[in-house]
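*Asks:* here's a sequence, model it:
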Amino acid sequence: MKIVLFGGTTEGRALSRQLAEAGAAVIVCVATEYGEEEQGRVPGVKIRTGPLSPDEKRVLLKDAALCIDATHPYAKHVTVSVKAACEEAGVEYLRLLRPPCDMEGAVIVESAAEAAAYLLAHEGRVLLTTGAKELTAYAGLDPERLFPRVLPSHEGLAACEALGIPHRNIIAMQGPFSQALNAALIRQVGIRYVVTKDGGAPGGFPEKAAAAKETGAQLIVLRRPEESGLPFDDVLDLCITRLRAANKNETKKGETT
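*Replies:* Alright, predicted model coming up:
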């Protein structure tokens, strides 16, 4: 049974491995070479790297039994395009949802631009952990205040440099990080505000929130887009059920030929 999975997330990698082990032919689509590196090479899993046009999505989905959207909770535009491609191809679409986290004590904002406006009215150093693509929203702030934590990639460093962030302020590290490491970083740099997204447990949100509380830094969270879908275990169970049914049908077909 062919399953197409749009991933790049921790749970997407775990799901693709378990489905392949169960006998599915899995194609994982990731947007970047970094995502491909994180996915790793696993028997039964093929990787498609790079953006896909609508025509390429349609070809990829041909003969697929299921399509699983395991992209990041904030990648709304990707979810919309994947869902549309499934509807056009007549392939069943499943959205894998990452459980949200407790927001107690956090300042909730609707966008990076709103976070920047809040910070403009408040003094102090800022740890930005929302990704390189969000950095342009903070162009109106003094770059000396900003300490972006980005992936150790050319794209991440280039985004920081384009904003005029001093090199001494750039934290190029791959997460997720422990509470102890987050807290040590906040104290070392003298961070007053931590800007993040609700990336759930796989994204290290609980550790960031706990570190902010421990150190007295104010947590600022970009609100997660609302969506519907299924948690990891439910998606896995549904896929395994479909896989067993498909294998049973193939067995019956073989017996009658």
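
*Asks:* for the nearest residue to residue 186 once chain neighbours are set aside, give me its contacts.
*Replies:* Spatially, and ignoring its direct neighbours in sequence, residue 186 is nearest to residue 215 (4.6 Å; CB to CB, 6 or more residues apart in numbering). Quick note: C-beta positions are derived from backbone N, CA and C, even for glycine. By CB atoms under 8 Å, 6 or more residues apart in numbering, the residues touching residue 215 are 183, 186-187, 191.

*Asks:* in strands, which of these fall?
*Replies:* residue 191 (DSSP state E).

*Asks:* show me which of the contacts of residue 215 are buried.
*Replies:* Buried residues within the contacts of residue 215, defined by neighbour count using 16 or more other CB atoms under 10 Å: 183, 186, 191.

*Asks:* related to what we said a few turns ago, which pair in the contacts of residue 215 spans the largest distance?
*Replies:* Farthest-apart pair in those is 183 and 191; separation 9.9 Å (CB to CB).

*Asks:* for the residue lying closest to residue 138 once chain neighbours are set aside, give me its contacts.
*Replies:* Computed as CB to CB, 6+ apart, the closest residue to residue 138 that is not its neighbour in sequence is residue 116, at 4.9 Å. Contact analysis of residue 116 by CB under 8 Å, 6+ apart lists 137-138, 140-141.

*Asks:* nearest to residue 148, of the contacts of residue 215?
*Replies:* Nearest member of the contacts of residue 215 to residue 148, counting by CB to CB, is residue 191, at 11.8 Å.

*Asks:* does that closest one really touch residue 126, like I thought?
*Replies:* Yes. If you go by CB atoms under 8 Å, residue 191 and residue 126 touch, sitting 7.0 Å apart.

*Asks:* helices along the stretch 1-150 of the chain, start to end?
*Replies:* When secondary structure is read from DSSP state H, counting those that start in this stretch, the stretch 1-150 of the chain shows helices at 10-21, 33-39, 54-61, 76-89, 112-120.

*Asks:* got it, and the stretch 151-257 of the chain?
*Replies:* Using DSSP H, counting those that start in this stretch, helices in the stretch 151-257 of the chain cover 154-162, 179-189, 205-215, 232-255.

*Asks:* okay, the ones you listed in JSON lines with distance to residue 19 and mean pLDDT next?
*Replies:* Below are these laid out as JSON lines (distance: least, CB to CB, whole Å; pLDDT from 0 to 100):
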{"stretch": "helix 154-162", "distance to residue 19": "30", "mean pLDDT": "94"}
{"stretch": "helix 179-189", "distance to residue 19": "32", "mean pLDDT": "97"}
{"stretch": "helix 205-215", "distance to residue 19": "26", "mean pLDDT": "96"}
{"stretch": "helix 232-255", "distance to residue 19": "6", "mean pLDDT": "83"}
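
*Asks:* tabulate those (TSV), appending distance to residue 41.
*Replies:* Below are the helices of the stretch 151-257 of the chain laid out as TSV (distance: least, CB to CB, whole Å):
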stretch	distance to residue 41
helix 154-162	23
helix 179-189	29
helix 205-215	29
helix 232-255	21
